[in-house]
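Undergrad: I'll drop the sequence and a predicted model, then ask my questions.
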Amino acid sequence: MPDESRVDDPRLDRRRLDVLRAIVQDYVATQEPVGSKALVERHNLGVSPATIRNDMAALEDEGYIHQPHTSAGRVPTDKGYRLFVDRLSSVKPLSSAERNAIYTFLGGAVDLDDVISRTVRLLAQITRQVAVVQYPSLSRSSVRHVELVAINASRVMLILITDTGRVEQRIVETAPVTDQLLADMRARLNAVVVGRRLADVPGRLVDFADQFPLEDRHTVEALAAILLEVIVEQREERVILGGTANLTRFRQDFPETIGPVLEALEEQMVLLKLLGEATGPSTLKVRIGHETGYEELASTSVVTSGYGRDGDTVAQLGVLGPTRMDYPGTMAAVSAVARYVGRVLDQA
């Protein structure tokens with residue numbers, strides 16, 4: 001006899017998806033396992049309680065929901081959350097007031113450090129989750145300006161400013177240098193490197209010192225070498241974390257303790273891997289439970305997005321919280337904040 005619960009009927013698939021969607025929404029809102037009676041009372045599913053019970057049984061057989069302990073209700077599994085997220089027809093947009101508040105708050109930043117700091121605070125506050133923001137990667141940045149400032153006759157401050165707002169500076173000991181040489185070098189250096197990707201700068205400076213008189217070349221070479229050192233040195237990417245105290249609101253969502261989660265979040269490499277590489281378009285990504293790749297974070301979900309300027313992704317930002325997460329709201333917040341950070345960088 002055929003199993004009627006598995007009839008290949010699109011209408012049946014839609015109905016079961018509606019039931020799963022209702023279970024996820026109720027469980028996220030109430031923190032309590034969801035029963036068929038509650039679904040009938042809270043949602044207009046258009047079918048009888050018996051039909052809903054049959055659909056719940058089928059969803060459980062297929063691994064989308066399960067029965068915790070001896071409760072009569074059901075809760076979503078990671079597989080259920082994944083189907084819920086994948087079948088979201090749209091992410092609820094933020095209100096105009098929320099969007100204006102985000103842009104006003106981020107637009108008040110005075111420099112890149114302030115932009116990153118405000119972004120972490122904003123994400124943590126909006127989502128009530130742990131916020132993670134990566135500084136723009138130097139490897140994906142271009143030169144906006146190089147400044148040379150004489151501190152005294154034989155000390156020069158070299159300042160590199162990138163298009164993503166990062167500022168790197170070094171003090172260089174040189175032979176006595178004149179204001180005229182410094183001005184000439186500043187002008188020629190910027191003519192060669194401004195607008196170039198940092199990875200392309202070394203090739204542009206191969207014969208740079210040859211443009212100057214022989215007696216000045218040692219000084220020019222010393223300053224160019226420091227600039228190259230700033231550009232090519234391997235530095236650890238910086239990641240800023242905020243809102244870890246928000247996890248304490250979800251103690252019941254972690255099987256044992258939030259200790260392992262907090263310990264994992266202290267590792268910069270873990271954070272970088274959770275965010276992913278800053279490549280390609282600024283797409284929204286959701287990793288649920290074991291998809292994070294860390295056993296300590298198996299009870300969490302991560303929502304991330306790239307951000308950048310001129311359509312180019314330069315870094316990642318996102319939030320981490322329990323798998324029992326308001327996915328539509330969190331995805332909307334992460335996407336909006338990433339978009340507005342990009343706008344702020346464009347105007348910097």
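TA: Now that the structure is in, tell me what you want to look at. This structure is a prediction, so every number in the text was calculated from the model and none was measured.
Undergrad: from Ile116, how far out is Val75?
TA: Plainly put, Val75 is 36 Å away from Ile116 if you go by Cβ to Cβ, to the nearest Å. From N, CA and C alone the C-beta is placed, and that goes for glycine too.
Undergrad: who has more neighbours out of the two?
TA: Shown here are Val75 and Ile116; by other Cβ atoms under 10 Å, Ile116 has more neighbours (23 against 20).
Undergrad: tell me the buried residues in the helix or strand harbouring the more buried one?
TA: Per DSSP states H and E: Ile116 is located in helix 112-127. Residues Leu112, Val115, Ile116, Arg118, Thr119, Val120, Arg121, Leu122, Leu123, Ala124, Ile126, Thr127 are the ones in helix 112-127 that count as buried (16 or more other Cβ atoms under 10 Å).
Undergrad: where are the low-confidence patches of the stretch 201-348 of the chain?
TA: 233-236, 255-256, 277-282, 310, 348 (pLDDT under 70).
Undergrad: go on, the stretch 51-200 of the chain?
TA: By pLDDT under 70, the weakly predicted segments of the stretch 51-200 of the chain are 71, 89-90, 139.
Undergrad: the strands in it, which residues?
TA: In the stretch 51-200 of the chain, the strands defined using DSSP state E, counting those that start in this stretch lie at 65-66, 75-76, 130-134, 143-152, 155-162, 167-173.
Undergrad: how about TSV for those strands, with distance to Thr30 added?
TA: Below are these laid out as TSV (distance: least, Cβ to Cβ, whole Å):
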stretch	distance to Thr30
strand 65-66	15
strand 75-76	11
strand 130-134	23
strand 143-152	51
strand 155-162	48
strand 167-173	48
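Undergrad: which of the ones you listed is buried the deepest?
TA: Most buried of the strands of the stretch 51-200 of the chain, by mean neighbour count (mean count of other Cβ atoms under 10 Å): strand 130-134, with a mean of 27.
Undergrad: listing partners with orientation, what would you give for it?
TA: As defined by DSSP bridges, the strand partners of strand 130-134 come to strand 239-242 (antiparallel), strand 312-322 (antiparallel).
Undergrad: any chance of those in a markdown table, plus mean neighbour count and distance to Pro328?
TA: What follows is those, written out as a markdown table (neighbours: other Cβ atoms under 10 Å; distance: least, Cβ to Cβ, whole Å):
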| stretch | mean neighbour count | distance to Pro328 |
| --- | --- | --- |
| strand 239-242 | 19 | 22 |
| strand 312-322 | 25 | 13 |
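Undergrad: any chance of those in TSV, with distance to Leu345 too?
TA: Output for the strands paired with strand 130-134, formatted as TSV (distance: least, Cβ to Cβ, whole Å):
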stretch	distance to Leu345
strand 239-242	16
strand 312-322	8
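Undergrad: please tell me how far the spatially closest residue to Ala109 that is not a sequence neighbour sits from Arg21.
TA: Excluding the flanking residues, the one nearest Ala109 by Cβ to Cβ, 6 or more residues apart in numbering is Val115, at 4.2 Å. As judged by Cβ to Cβ, Val115 and Arg21 stand 36 Å apart.
Undergrad: measure Arg82 to Leu20 for me?
TA: Remark: distance between Arg82 and Leu20 (Cβ to Cβ) = 11 Å.
Undergrad: meant to ask about Ile258, not that
TA: 27 Å.
Undergrad: which residues touch stretch 238-246?
TA: Outside stretch 238-246, the residues within contact range by Cβ atoms under 8 Å, 6 or more residues apart in numbering are 116-117, 120-121, 123-125, 128-135, 262, 265, 268, 271-272, 275, 319, 321.
Undergrad: send me that stretch as PDB with only the CA atoms.
TA: Coordinates of each C-alpha in stretch 238-246 appear next as PDB, following Å, rounded to 0.1, in the frame of the first residue of the first chain:
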ATOM      1  CA  ARG A 238      41.800  42.300  12.100                       C
ATOM      2  CA  VAL A 239      38.400  41.200  13.300                       C
ATOM      3  CA  ILE A 240      36.300  43.100  15.900                       C
ATOM      4  CA  LEU A 241      33.800  41.400  18.100                       C
ATOM      5  CA  GLY A 242      30.900  42.900  20.000                       C
ATOM      6  CA  GLY A 243      27.800  41.900  21.900                       C
ATOM      7  CA  THR A 244      29.000  38.600  23.400                       C
ATOM      8  CA  ALA A 245      26.900  39.400  26.500                       C
ATOM      9  CA  ASN A 246      23.900  38.900  24.300                       C
END
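Undergrad: chain center to that stretch, what's the gap?
TA: 12 Å (Cα atoms, centre = their mean, to the nearest Å).
Undergrad: for the stretch 201-348 of the chain, just list every one of the helices.
TA: 201-204, 217-232, 259-265, 268-275, 327-347 (DSSP state H, counting those that start in this stretch).
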